[in-house]
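Q: Pasting the sequence and the predicted coordinates here, then a few questions.
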Amino acid sequence: KQEVTQIPAALSVPEGENLVLNCSFTDSAIYNLQWFRQDPGKGLTSLLLIQSSQREQTSGRLNASLDKSSGRSTLYIAASQPGDSATYLCAPRANAGKSTFGDGTTLTVKP
Amino acid sequence: ETGVTQTPRHLVMGMTNKKSLKCEQHLGHNAMYWYKQSAKKPLELMFVYNFKEQTENNSVPSRFSPECPNSSHLFLHLHTLQPEDSALYLCASSQGGLAGGDEQFFGPGTRLTVL
């Protein structure tokens, strides 16, 4: 059974800092890994999707890396802004249907 | 409408009521999903449909009954729920098929409260 751990559980930083969110998973036989953000009481917004054959993906100030063999992914956020405040979720997908989610990292960026 | 929509956005029901949640995707996708998000728990997959066929049932109690009449619509029929079923119910869609490499897009969710 896939287990996903996200560290840290919560993070508070001043505006402008670069930061790294970590995701580890126990079953390395994944098809892809997706990073999402979730604002309080809202749905999930897809940020980045990394296929199992890829090492990283970039979108704007976000960069996600994947080390499948060691069961780890990181999300790097450059020059953080207050609007980045949200909960960030990673979800490795182990087969055609099933994604497993971590508990998330709740990020607060202070002006 | 664009993306994935869900109605209603909020629902309060008694334990003896019967209600349905609706999800519609406007992305031309072939796979649709129901997830449950309870307070202080990770998001849990409930059901997956690929090309209208159910391909995943994650040991969900029978008081939750999904229906997928076509690739664009997904319903979750609710009956005889318990207070612990109160949660945010999220619908998602993706391109689908067997490859498994596709990106999931989520709706805004239905906040369900069972009294």
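A: On my side now, so go ahead.
Q: What helices and strands are in contact with the host helix or strand of B:Thr55?
A: Assigned by DSSP states H and E, B:Thr55 falls within strand B:53-57. Strand B:53-57 sits against strand B:44-50, strand B:64-70, with contacts defined as 3 or more CB pairs under 8 Å, 6 or more residues apart in numbering or on different chains; DSSP states H and E. The C-beta positions use only the backbone N, C-alpha and C, and glycine is treated the same way.
Q: which residues touch B:Asp85?
A: B:63-64, B:78, B:112, B:114 (CB atoms under 8 Å, 6 or more residues apart in numbering or on different chains).
Q: Quick one: buried ones out of those residues?
A: Buried members of the contacts of B:Asp85, counted by 16 or more other CB atoms under 10 Å in any protein chain shown: B:64, B:78, B:112, B:114.
Q: Now, these that are in strands?
A: B:64, B:78, B:112, B:114 (DSSP state E).
Q: will you turn the residues you listed into TSV that also has pLDDT and distance to B:Gln95?
A: Converted to TSV, those look like this (pLDDT from 0 to 100; distance: CB to CB, whole Å):
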residue	pLDDT	distance to B:Gln95
B:Phe64	97	25
B:Leu78	96	28
B:Leu112	96	28
B:Val114	95	34
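Q: which residues touch the helix or strand of chain B at the bottom of the mean pLDDT ranking?
A: In chain B, the helix or strand scored least confidently by mean pLDDT, DSSP states H and E is strand B:53-57, which has a mean of 89. With contact meaning CB under 8 Å, 6+ apart, strand B:53-57 is reached by A:96-98, B:45-49, B:66, B:68.
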